[in-house]
Structure formats: structure tokens, C-alpha cells
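S.K.: Build the 3D model from these lines:
(one chain, ligands or ions: 1)
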Amino acid sequence: MTPMFLDRLRQHCLSQPDKVAIELLREDGARSLRYGELENQVQRCMAWLLALGLRPGDCAATQLPTGLAFVQLHLAICRLGALHLPLNPAFPAAELRYFLSDSVATLFFHAGGERGAAAIVQATPGLRCIALRDDESFTRQIKGFAPVAPPTPRGPQQLAMMLYTSGTTSRPKGARITHGNLTANIEALHEAWGWRQDDVLLHVLPLFHVHGLTVALHGALRAGATAVLLPRFDAGRVLDLLQSRRFSVFMGVPTIHRRLYRAAAGGDHDLRHMRLMTSGSDRLPDDLFEGVQQRFGVTLLERYGMTETGMNLSNPLHGERRRGSVGLPLPGVEARVVERLTEQPLPDNVVGELQIRGPHVCAGYHNRPEQTAVAFTADGWLRTGDLAQRAPDGYFTLQGRAKDLIISGGMNVYPPEVERALLEHPQVRAAAVIGCPDEEWGERVVALVLPEAGAALDEAALEAWCRARLAPYKLPRAWHLVDSLPQNALGKVRKAVLREQYCG
Ligand code: MCA
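M.R.: Residues are numbered from 1 along each chain as shown. Purely as a prediction, here's the structure:
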């Protein structure tokens with residue numbers, strides 16, 4: 001049987017204790033953690049977590065910036081058989097409260113801000129909040145604990161993580177990710193992308209998503225390679241680092257590649273020494289694919305994934321990286337295109353809904369049997385809500401979305417969630433949120449708001465209202481106060497009409 005991801009990592013810790021596993025590039029200098037130290041620290045951390053009362057099956061949430069504490073807590077929580085729920089540090093208290101109560105988290109590690117945390121404790125019975133101001137305070141916390149070995153090896157069915165994903169009709173739901181899912185995903189990527197022990201990854205992505213955590217970070221650790229974490233993306237700095245020839249792997253979203261491309265304008269930049277540069281989380285525009293090729297001498301490798309699955313499809317490491325295509329199924333992944341109503345498989349070159357099956361697909365949604373049943377077919381296919389077609393040579397191309405979703409800077413924004421926040425405003429009668437094409441962000445969020453009669457609403461008031469309720473990346477970047485919203489016969493807002501009218 002393939003060793004589970006965490007067992008594989010432990011083997012690296014034992015066999016190459018002196019090699020740097022993680023390096024963190026902070027403003028005040030670099031900090032690193034060797035594989036041997038990582039094992040020792042994770043074991044101490046497990047002892048601390050046990051003392052805090054964490055048990056297998058419990059959920060422990062973190063809302064921490066990119067750092068060594070995050071990585072160690074993540075590994076320790078998963079290794080104990082508990083579920084790690086990583087949360088975006090930008091979530092305001094209103095969003096946090098929902099995630100913490102829905103997940104029934106028992107522990108919550110946050111970066112400070114006592115007043116906010118106190119409000120959450122009051123609202124969430126049974127939750128213990130622990131402030132970790134920085135990596136040093138984490139190290140101090142675990143120092144007094146003797147390392148403990150994991151109680152039992154984790155089987156593939158054991159839950160490891162809870163990752164929230166929004167829906168078109170409901171509040172965000174927690175995808176239940178097992179150790180088997182993580183292992184299947186990382187083994188497939190290890191093989192497909194040819195990860196090597198001497199790889200050095202420049203890691204600039206947020207750690208609280210699949211892309212940054214279970215693809216980039218796990219990829220490097222699975223290979224026994226080195227991950228260098230840069231907590232804040234800065235195009236000029238990243239370009240300098242990539243040019244330094246120290247790195248071999250880089251992963252980004254199109255907005256990141258667009259910024260690097262622009263930052264390199266007029267200069268003489270050659271990144272051909274990079275073994276692998278990938279793009280994902282949103283469609284890579286053709287002009288950017290070509291621009292990067294010309295400016296850097298690198299052909300970006302585009303791939304396709306989801307929170308519920310990790311990675312599904314990828315262009316090949318060797319062979320054609322096809323412009324506009326998300327490539328072929330990864331090892332162990334089944335992918336098919338079906339007619340949406342009958343769910344019958346469609347022939348090649350015909351657009352339908354993309355469905356995915358395999359050992360990497362999550363074990364449904366936490367506490368949501370009805371939504372799990374809606375998302376999965378009886379024989380285990382996940383309905384992705386993405387439209388795609390397959391070419392006769394096996395390459396898949398995405399052709400739009402069947403779901404109401406905006407992707408901005410590689411972050412998913414669900415219009416119903418923003419509309420719900422707007423409708424909570426007593427002076428808003430109706431609201432519609434759409435995505436408009438945007439060169440830098442892929443799409444930008446635009447809101448159409450129908451005020452109540454006599455309401456005195458303006459952009460600033462609406463923006464402040466939303467900022468208190470939603471993470472900043474979900475905020476509309478343009479506002480339109482309207483007298484009416486076009487509706488179809490069923491009373492549903494006709495967003496296609498709005499996009500035509502307001503995206504110009
Ligand atoms: C930041 N802002 C955004 C976004 N990010 N607005 C819309 N969309 C965004 N994605 C806001 C900030 O809150 C701020 O607003 C303003 O933009 C300027 O911030 P700036 O400093 O320029 O942004 P940044 O910090 O440089 O971030 C841009 C970024 C970041 C580096 C492109 O968004 C990013 O790291 N994206 C990657 C996301 C990712 O990893 N996605 C994977 C999830 P204000 O001033 O008003 O507050 S999807 C996934 O995992 C699936 C499975 C997959 O396939 O990968």
C-alpha cells in the first residue's frame with residue numbers, strides 16, 4: 001500500500017534531518033526549519049494539542065498568517081487524527097463566527113486581536129481560543145512539552161481537514177478531506193510533475209487554500225524538497241528571487257503571473273532555469289500564456305483543481321502544454337463530460353458538465369447530507385458545475401461555468417453570498433452581483449443595488465456595510481444604484497442581461 005502523506009514526510013524527517021524543509025522569508029530576515037527539527041517540533045506540538053484536549057475527530061481551526069507556526073500546527077493537528085480547518089486571516093468576525101460554529105471547532109488559534117476573539121468565544125460555546133502572536137510565541141508554547149510519537153498510524157478513511165467552499169444556494173459548506181484524499185492527490189502530482197528531492201519551491205500563495213497548502217506545500221514536503229515561504233506577494237521581489245537561480249519550482253494564479261509579466265517589462269529576464277512554473281485556480285488567458293513564454297522563456301503548465309478534490313487535470317510536464325487547455329486527467333483520476341440533464345457521457349468535442357471521480361475526491365460535506373447528494377452521483381462522480389469539452393487526444397478545455405461563481409485573483413467569490421450580505425441592509429430591497437472581465441484580476445465583482453423607496457444609500461455606506469461582513473476580496477469594486485433589475489418569468493434576475501449592460 002502507498003504510504004500516507006504524513007508517513008512519507010516522517011521518513012524524510014528521519015532520513016535527512018539536516019536538510020532545510022521550510023524557510024520563511026520575513027522582513028527581518030530568514031528563519032528555517034530542518035526536517036529533523038520539523039519532526040521534533042510537530043511531536044511537541046501534538047503533546048501540547050493533547051494537553052489542550054484535542055482528540056481524534058475534533059476540529060481545530062487556525063486563522064494565522066503564513067509562517068512556521070501555521071505549518072507545524074497543520075501537520076500536528078492532522079497527525080493526531082483531528083481535522084484542520086485553516087481560515088483566511090482576512091475574514092471579519094461575522095464570517096469567522098459562521099465557520100467556527102458550523103465546523104463545531106473546539107480549538108481556535110488566531111494571531112491576536114483579543115476583542116474580536118472574545119466576541120467569538122461568547123458566540124461559540126465549547127470553543128477554546130488561543131492567541132499566537134507570532135512564530136516565537138508558538139515556539140515558547142510548545143517548548144515545555146516532551147515530543148510524543150503519533151498514537152496510531154492514520155488510515156486512508158481518517159479525516160484530516162475541513163476546507164470550506166461556497167455554494168450557489170447555501171452558506172459555505174465544509175468539504176471533508178481524508179488522509180487518503182491528500183495522499184492520492186499528492187502522489188499523482190509527485191509523479192505527473194516529476195517532483196525531486198533537490199527541488200526548491202518559491203511559495204507565495206496563501207496557505208489556507210488547496211493551491212497553497214495541499215498542492216504547493218505538501219508537494220515540496222512529499223518530495224523531501226525545500227519550500228521557501230514568502231508571506232506577502234510582491235512582484236518585484238518575486239522576480240528577483242526567481243532570477244537568483246536558487247529556485248526550481250513556482251506556482252501561481254493568473255493574477256500573479258500577470259503582475260510578474262508586467263514587473264519585468266523593459267528588462268532582460270530569463271527564467272529558463274526554472275524546472276516547473278504552474279498556473280491554476282482560474283483560466284490562464286491566451287495572451288498571458290504567450291507573453292510569459294516570450295518574456296521569460298517559460299511555458300506555464302496549466303492545471304485544474306477544486307477544493308473538494310485537489311488537482312484533477314494537468315498539462316503534461318513533458319509533451320505539449322496546450323494553450324487554453326487544462327490538460328489530461330492526473331494518474332488515478334477519472335474525468336468525463338456529460339449532458340447536464342440526463343448525465344449521459346457526451347462524445348469528444350461536445351460541451352457538457354465536467355464530472356470527476358477518484359480516490360482524491362472528498363468524503364462529502366460536513367453535516368450536509370442533502371448537499372452531498374446534490375453534488376455527487378450515486379456512483380461517486382462529483383458534479384463540478386464547470387462546463388468542459390474533451391478533445392479526441394484527451395486534453396480537456398473549460399468552457400465556462402454552470403454555477404454562479406466569480407473568480408477574482410484566483411479567489412472564488414459566490415455572488416449569492418455577497419447578495420445576502422447586501423440584502424441584510426434595511427435599505428436594500430434587491431441586489432444582484434455579477435463578475436465583469438478584468439485584465440488583472442480575471443474578473444471583478446460588480447454590484448447592482450435596488451434601494452428601498454426613499455432610502456439614502458451611497459457607495460461608501462454600502463461598501464462599509466459589506467466590509468464589516470465579508471472578506472475584502474469579496475467586496476464589489478463597482479456599484480450601481482438601479483431602479484429595477486431585469487427578471488425572467490420565474491422572477492430570477494437575468495444576470496446575462498446585466499453583464500451585457502454593466503460590464504462594458
Ligand atoms: C486581494 N484583494 C483582492 C484579491 N486579493 N480583491 C479581489 N480579488 C482578490 N483575489 C484586495 C485586497 O483586499 C485589497 O483590497 C486590494 O485587493 C489590493 O490588495 P493587493 O495588495 O494588491 O493584493 P495582494 O495581497 O497582492 O493579493 C493579490 C494576490 C492574491 C497575490 C493575487 O489575491 C492571491 O494570493 N491570490 C491567490 C489565491 C489562491 O491561492 N487561490 C487558490 C484558491 P482593499 O484595499 O479594498 O482591502 S482556489 C484553489 O485552491 C483551487 C482548488 C485551485 O484549483 O487552485
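
S.K.: Nearest residue to residue 372 in space, ignoring adjacent ones along the chain?
M.R.: Leaving aside its sequence neighbours, residue 372 sits nearest to residue 364 (CB to CB, 6 or more residues apart in numbering; 3.7 Å). In short, each C-beta sits where N, CA and C put it, glycine included.

S.K.: If you could redo that for residue 253, that was the one I meant.
M.R.: In space, residue 253 is closest to residue 410, 2.9 Å off (CB to CB, 6+ apart).

S.K.: Just the pLDDT for that neighbour.
M.R.: We note a pLDDT of 96 for residue 410 in this prediction.

S.K.: Residue 115 too?
M.R.: Per-residue pLDDT puts residue 115 at 65.

S.K.: what's the residue nearest to residue 253 in contact with, if anything?
M.R.: 211, 253-256, 280-282, 442 (CB atoms under 8 Å, 6 or more residues apart in numbering).

S.K.: tell me which parts of this protein are close to the ligand?
M.R.: Proximity of the chain to the ligand (CB under 6 Å from any ligand atom) is limited to residues 205-206, 209-212, 233, 253, 255-256, 280-281, 305-307, 408-411, 441, 472-473.

S.K.: For the ligand, what's the nearest residue on the stretch 401-504 of the chain?
M.R.: residue 409 (2.4 Å; CB to the nearest ligand atom).

S.K.: What of the stretch 51-200 of the chain?
M.R.: residue 90 (6.5 Å).

S.K.: What about that residue, how many residues nearby?
M.R.: For residue 90, the count of nearby residues is 15 (other CB atoms under 10 Å).

S.K.: which residues are in contact with the host helix or strand of residue 311?
M.R.: Following DSSP states H and E, the helix or strand that holds residue 311 is strand 310-314. Applying CB under 8 Å, 6+ apart, the contact partners of strand 310-314 are 181-182, 184-186, 188-189, 192-193, 210, 214-215, 280, 301-306, 326-330, 333, 335, 356, 358, 360, 396.

S.K.: ok, it: who's next to it in the sheet?
M.R.: strand 301-306 (antiparallel), strand 328-329 (antiparallel) (DSSP bridges).

S.K.: what's the nearest residue to residue 183 if we skip its chain neighbours?
M.R.: Excluding the flanking residues, the one nearest residue 183 by CB to CB, 6+ apart is residue 5, at 4.6 Å.

S.K.: hang on, isn't that neighbour packed against residue 213?
M.R.: No: if you go by CB atoms under 8 Å, residue 5 and residue 213 don't touch, sitting 11.8 Å apart.

S.K.: Comparing these two, which shows the higher neighbour count?
M.R.: Using other CB under 10 Å, the more surrounded residue of residue 5 and residue 213 is residue 5, with 26 against 22.

S.K.: residue contacts, that one?
M.R.: Taking CB under 8 Å, 6+ apart as the test, what residue 5 contacts is 179, 182-183, 186, 218, 222.

S.K.: State the pair within these that is farthest apart.
M.R.: Across the contacts of residue 5, no pair lies farther apart than 179 and 222, at 12.9 Å, counting by CB to CB.

S.K.: In JSON lines, list the contacts of residue 410 along with pLDDT.
M.R.: Shown next, in JSON lines, are those (pLDDT from 0 to 100):
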{"residue": "211", "pLDDT": "98"}
{"residue": "253", "pLDDT": "98"}
{"residue": "254", "pLDDT": "98"}
{"residue": "255", "pLDDT": "98"}
{"residue": "256", "pLDDT": "98"}
{"residue": "280", "pLDDT": "97"}
{"residue": "281", "pLDDT": "95"}
{"residue": "282", "pLDDT": "96"}
{"residue": "442", "pLDDT": "97"}
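
S.K.: Please produce a markdown table containing those, extended by secondary structure.
M.R.: Listed next are these as a markdown table, based on DSSP: H, G, I helix; E, B strand; the rest coil:
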| residue | secondary structure |
| --- | --- |
| 211 | helix |
| 253 | coil |
| 254 | helix |
| 255 | helix |
| 256 | helix |
| 280 | coil |
| 281 | coil |
| 282 | coil |
| 442 | strand |
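
S.K.: Closest to residue 228 out of those residues?
M.R.: Distance to residue 228, by CB to CB, is smallest for residue 256 among these, at 15.6 Å.

S.K.: What is the burial count for that closest one?
M.R.: Residue 256, neighbours per other CB under 10 Å, totals 20.

S.K.: ditto for residue 30
M.R.: Neighbour tally, residue 30, other CB under 10 Å: 11.

S.K.: tell me which element it is part of?
M.R.: Going by DSSP H and E, residue 30 is part of strand 29-34.

S.K.: pLDDT averaged over that strand - what is it?
M.R.: Strand 29-34 comes out at a mean pLDDT of 97.

S.K.: What is the next helix-or-strand element following it packed up against?
M.R.: The element immediately downstream of strand 29-34 (helix or strand, assigned by DSSP H and E) is helix 35-51. Under the contact criterion of 3 or more CB pairs under 8 Å, 6 or more residues apart in numbering; DSSP states H and E, helix 35-51 touches helix 5-15, strand 20-26, helix 68-79, helix 135-143.

S.K.: Now mean pLDDT too, for these, in CSV please.
M.R.: Below are the helices and strands packed on helix 35-51 laid out as CSV (pLDDT from 0 to 100):
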stretch, mean pLDDT
helix 5-15, 96
strand 20-26, 98
helix 68-79, 97
helix 135-143, 97
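
S.K.: Select, out of the ones you listed, the one closest to residue 226.
M.R.: Of all the helices and strands packed on helix 35-51, strand 20-26 sits nearest to residue 226, with 5.0 Å by CB to CB.

S.K.: Could you count how many residues lie near residue 328?
M.R.: Count around residue 328 with other CB under 10 Å applied: 22.

S.K.: got the contact list for it?
M.R.: 313-316, 394-396.

S.K.: Between which two of those is the distance greatest?
M.R.: Within the contacts of residue 328, two members stand farthest from each other by CB to CB: 316 and 396, at 12.7 Å.

S.K.: overlap in contacts of these two?
M.R.: 327-328.

S.K.: So these two - more neighbours on which side?
M.R.: Just comparing residue 316 and residue 396: by other CB under 10 Å the higher neighbour count belongs to residue 396, 24 against 14.

S.K.: one step back: want to throw the contacts of residue 5 into TSV with neighbour count, secondary structure and pLDDT?
M.R.: Shown next, in TSV, are these (neighbours: other CB atoms under 10 Å; DSSP: H, G, I helix; E, B strand; the rest coil; pLDDT from 0 to 100):
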residue	neighbour count	secondary structure	pLDDT
179	23	helix	97
182	24	helix	98
183	25	helix	97
186	25	helix	98
218	26	helix	98
222	21	helix	98
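
S.K.: The residues you listed into a markdown table, with extra columns for distance to residue 423?
M.R.: Converted to a markdown table, the contacts of residue 5 look like this (distance: CB to CB, whole Å):
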| residue | distance to residue 423 |
| --- | --- |
| 179 | 40 |
| 182 | 37 |
| 183 | 42 |
| 186 | 41 |
| 218 | 39 |
| 222 | 44 |
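
S.K.: I'd say residue 205 and residue 211 touch.
M.R.: Yes: counting by CB under 8 Å, residue 205 sits close enough to residue 211 to count as a contact (5.4 Å).

S.K.: So for those two, which residues contact both of them?
M.R.: Listed as contacting both residue 205 and residue 211 by CB under 8 Å, 6+ apart are 251, 253.

S.K.: Spit out the contact partners of residue 279.
M.R.: Residues near residue 279 by CB under 8 Å, 6+ apart: 251-254, 257, 300-303.

S.K.: now do residue 475
M.R.: 418, 445, 463, 466-467.
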